[in-house]
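1. Pasted the sequence and its predicted model underneath.
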Amino acid sequence: MLIHPIPPVFDKDSRVLILGSFPSVRSREEGFFYGHPQNRFWKVTAKVFGEDAPLTIDEKKAFLLRNHIALWDVIGSCEIEGSSDSSIRSVKVNDISIILNSADIQAVFLNGKKAFQLYQKYIFPDIGRDGICLPSTSPANAAWSVEKLTDAWGRIRIFY
């Protein structure tokens, strides 16, 4: 059983919450979200806000907070083989009320179908807040170019 090693990033001014499924091996090693250089999360979100992609963990945290984004994952602990979402078993979810009770979150976005499915199954029944599924920024989602992802992810800007 692996326990999620990365705390959420948010503050009282966060307006959107973005949830992934569970950190990849590389993200767990680096100690921060979307740590694999092939994952397009930082490139896409930076383009959405007209900024350069942040590189360091401190720059990434500052980018999120400056743009009123809260970031975490649906899963708090699970069994997983490597970084494969399809291998996830024995799910225990994170308590996102920590964020929802501290910030005026206007919308919850899910990074990919697996995160959305997990949210719908485990979190939505308790909190009753609809989640919005965005296409995954994972390199496994090769059908989506950075440009297409940026267009789709532009929805996160509507809450400012």
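-> All right, it came through fine. Nothing here was measured: the structure is a model prediction, and the numbers come from that model.

2. Would you state the strands of the chain in chain order?
-> Here the chain has its strands, by DSSP state E, at 2-3, 16-20, 69-73, 75-79, 89-93, 107-111, 131-134.

3. Single out the most deeply packed of those.
-> The highest average neighbour count among the strands of the chain, using mean count of other C-beta atoms under 10 Å, belongs to strand 16-20 at a mean of 25. No exception for glycine: its C-beta is placed from N, CA and C like everyone else's.

4. just to revisit the earlier point, which stretch among the strands of the chain comes nearest Phe41?
-> Counting by C-beta to C-beta, Phe41 lies closest to strand 107-111 out of these; the figure is 7.0 Å.

5. centre of the chain versus the closest one, how much separation?
-> Here strand 107-111 is found 7 Å from its chain centre; the criterion is C-alpha atoms, centre = their mean, to the nearest Å.

6. So which elements touch it?
-> For strand 107-111, the packing partners by 3 or more C-beta pairs under 8 Å, 6 or more residues apart in numbering; DSSP states H and E come out as strand 16-20, strand 131-134.

7. CA atoms only for the helix ranked longest in the chain, dumped as PDB, please.
-> For the chain, the helix with the greatest residue count under DSSP state H is helix 57-66. The C-alpha trace of helix 57-66 is given here as PDB (Å, rounded to 0.1, in the frame of the first residue of the first chain):
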ATOM      1  CA  ILE A  57       9.000  23.200  -6.900                       C
ATOM      2  CA  ASP A  58       9.000  26.700  -5.400                       C
ATOM      3  CA  GLU A  59       8.200  28.200  -8.800                       C
ATOM      4  CA  LYS A  60       5.400  25.700  -9.300                       C
ATOM      5  CA  LYS A  61       3.800  26.400  -5.900                       C
ATOM      6  CA  ALA A  62       4.100  30.200  -6.600                       C
ATOM      7  CA  PHE A  63       2.500  29.700 -10.100                       C
ATOM      8  CA  LEU A  64      -0.400  27.800  -8.600                       C
ATOM      9  CA  LEU A  65      -1.100  30.200  -5.800                       C
ATOM     10  CA  ARG A  66      -0.700  33.300  -8.100                       C
END
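
8. Report the mean per-residue pLDDT for that helix.
-> Average pLDDT, helix 57-66: 98.

9. what's the answer for stretch 90-107, then?
-> 96.

10. before we move on, the earlier item: got the helices and strands packed on strand 107-111 as JSON lines, with distance to Gly76 and mean pLDDT columns?
-> Output for the helices and strands packed on strand 107-111, formatted as JSON lines (distance: least, C-beta to C-beta, whole Å; pLDDT from 0 to 100):
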{"stretch": "strand 16-20", "distance to Gly76": "12", "mean pLDDT": "98"}
{"stretch": "strand 131-134", "distance to Gly76": "17", "mean pLDDT": "98"}
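
11. All good on my end, thank you.
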